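1. pasting the sequence and the predicted model now:
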Amino acid sequence: MEEVKQESPVRLLPLCAKEAEHLDIILACDGAASVGQIGHQVAVELTNSKEEARMCCLSAVAAESKAHVDIARRARKLIVINGCANRCASKILDKLGIPYDYEITISKEGVEKAPTLDFNMEDVYRIAEKIAKEALEK
Amino acid sequence: MNFQKEKPPLPKIGLFACFSGGSNTGSLAGMAALEVVKRLGSDIVGICSLPALLNEVPRQSTMVKKIQTIIVLDGCHQACASQLLAKEGISPTVLVIGSILQKENGENITKF
């Protein structure tokens, strides 16, 4: 019997190392509280809904991986999503002297920081929409 | 959403995960960490914040020092999370998601 090849359901994202100049790169805190989880999920939503927006590895930037620091510097726009007032994601970039174009902190967007991994998707969609309007569609 | 206000107990195991989402392996590492907490309960295992530790947020640094066992879930061979913890003087048990899946399925899922 002839093997039927199914099209892969996986949507491959543009490679940030190759296309950083044409991409809005999103670096998000993915901390251990509600707001960190929301920040991460907002970055996922924006990556999935905007063709030229792409989340990239904050850990790799923090670890000073040359390729990833380079991606952050070359990005068309660099968007930073912090979970709480500690602003850890922004501070990682500040320490490395990497400028960013847009910064948002989830706990200032009407979401309470709480020691839980549970969150409302309504908050995710609302904040993703705000970032899209204020930073990605300009 | 209403949240409980009580301070959560210190978990026996602290889990750090690459959850950067830059690729499938990073996302899988983060999702696996969330699943572990869901299955074992937050009194056994808790997720620690890598960005907060790096920025010396006092509550996070103090908590990590008190936890008996630290496990790191890295996404790929770059092992960024482990490297960052090593810089902080922490030697955890390290699991690399990409390597685990390659061992189980015989396929390298890191495509780039």
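-> In hand now; what should we look at? Residues are numbered from 1 along each chain as shown, chains lettered A, B, ... in the order given.

2. strands of the chain, residue ranges please.
-> You didn't pick a chain, so chain A it is. Per DSSP state E, chain A carries strands over the ranges A:24-28, A:53-55, A:77-82, A:102-105.

3. hm, I was asking about chain B
-> According to DSSP E, the strands that chain B contains are B:13-17, B:45-47, B:69-74, B:93-96.

4. out of the strands of chain A, flag the one nearest chain B.
-> Ranking the strands of chain A by proximity to chain B (CB to the nearest CB) places strand A:53-55 first, at 4.5 Å. For every residue, glycine as well, the C-beta is placed using N, CA and C.

5. burial count for residue 37?
-> If you meant another chain, say so; for now it's chain A. 24 (other CB atoms under 10 Å in any protein chain shown).

6. right idea, wrong chain: chain B
-> By other CB under 10 Å, 18 other residues sit near residue B:37.

7. quick check: closest non-adjacent residue to it.
-> Nearest residue to residue B:37, sequence neighbours excluded (CB to CB, 6 or more residues apart in numbering or on different chains): residue B:45, at 5.6 Å.

8. which residues of chain A score low on pLDDT?
-> Low-confidence segments of chain A (pLDDT under 70): A:1-8, A:138.

9. what residues does it put near chain B?
-> Within chain A, the positions lying close to chain B (CB under 8 Å from any CB of the partner chain) are A:12, A:15-17, A:28-34, A:36, A:40, A:43-44, A:47, A:55-60, A:62-63, A:65, A:68, A:86, A:88-89, A:91-92, A:112, A:114-120.

10. for residue 30, give me its contacts.
-> As the question left the chain open, I've gone with chain A. Residue A:30 sits next to A:36-37, A:39-40, A:58, A:83, B:17, B:19-21, B:30, B:49-51 when contact means CB atoms under 8 Å, 6 or more residues apart in numbering or on different chains.

11. please go with chain B instead
-> Listed by CB under 8 Å, 6+ apart, the contact set of residue B:30 reads A:30, A:40, B:17, B:18, B:19, B:20, B:21, B:73.

12. correct me, but the last one touches residue B:16?
-> Yes - under the criterion of CB atoms under 8 Å, residue B:73 is in contact with residue B:16, at a separation of 7.2 Å.

13. got any residues that touch both of the two?
-> Shared contacts of residue B:73 and residue B:16, defined by CB under 8 Å, 6+ apart, comprise residue B:81.

14. determine the longest helix present in chain A.
-> Criterion DSSP state H: the longest helix present in chain A is helix A:34-49.

15. for it, the distance to its chain's centre please.
-> Distance of helix A:34-49 from its chain centroid, counting by CA atoms, centre = their mean, to the nearest Å, is 7 Å.

16. mind checking pLDDT for the most centrally placed residue in chain B?
-> Geometric centre of chain B, nearest residue: residue B:16, 2.0 Å, by CA atoms, centre = their mean. Looking at residue B:16, its pLDDT stands at 93.

17. skipping adjacent residues, who's closest to it in space?
-> Closest residue to residue B:16 apart from its sequence neighbours, by CB to CB, 6+ apart: residue B:72 at 4.7 Å.

18. residues contacting the one you found?
-> Residue B:72 neighbours (CB under 8 Å, 6+ apart): B:15, B:16, B:17, B:81, B:82, B:85, B:92, B:93, B:94, B:95.

19. looking at those residues, spot the one nearest residue B:59.
-> Looking at the contacts of residue B:72 and their distance to residue B:59, the nearest is residue B:16, at 15.5 Å (CB to CB).

20. now rank the contacts of residue B:30 by neighbours and give me the top one.
-> In terms of neighbour count, residue B:18 stands highest of the contacts of residue B:30 at 34 neighbours, by other CB under 10 Å.

21. neighbours of residue A:99, how many?
-> Close neighbours of residue A:99, defined as other CB under 10 Å, add up to 9.
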